[in-house]
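>>> model the following, please.
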Amino acid sequence: QVELVESGGGLVQTGGSLRLSCTRPGGTFTVYSLAWFRQAPGKEREFVAAISRSGGETKYAESVKGRFTISRDNAKNTVSLQMDSLKPEDTAVYFCSADRASIDSIIVRPNQNDFWGQGTQVTVSS
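Below is the predicted model of the structure:
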């Protein structure tokens, strides 16, 4: 059962921008910490960015810090990831995830997160 739906992926040139969005059809995000992860071909899934339930705290992987911005709109049940200055190494399938636990927990034990989306492909050409 698909709980989260991502959108906004696509093909972009190096230095370009994309904005990913994730929503939970028929549900609410209010009580969940939210995060984005990604998985490149032949590599393990890795953390990208996370945001607390209130939106007051955010965390980023070092590789995207200063280039990516995570935000949430609880009224619209949406979490977004603004990706700027994209690099070929950002190419991956991007997944959003939600969990009732803290922002730290959603990062360190993602296999226990409550919900995942099916992912959206981001390809950055050189």
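>>> CA atoms for contacts and neighbours, from now on please.
Fine.
>>> give me the below-cutoff pLDDT ranges for this protein.
Residue ranges of the chain with pLDDT under 70: 1-2.
>>> can you show me the helices along it?
Here the chain has its helices, by DSSP state H, at 103-108.
>>> need the nearest residue in space to the residue nearest the centre of it, chain neighbours excluded.
Central residue of the chain (C-alpha atoms, centre = their mean): residue 36, 2.1 Å from the mean position. Using C-alpha to C-alpha, 6 or more residues apart in numbering and skipping the chain neighbours, the partner closest in space to residue 36 is residue 96 (4.5 Å).
>>> now for the one you found, how many residues are close by?
Residue 96 has 28 neighbours, counted by other C-alpha atoms under 10 Å.
>>> ok, it to residue 15 distance?
23 Å (C-alpha to C-alpha, to the nearest Å).
>>> ok, residue 36 next?
Residue 36 is 20 Å from residue 15, by C-alpha to C-alpha.
>>> do the same with residue 70
18 Å.
>>> ok, these two, which is more surrounded?
residue 70 (23 against 14).
>>> ok, now which ones touch that one?
49-51, 58, 79-82 (C-alpha atoms under 8 Å, 6 or more residues apart in numbering).
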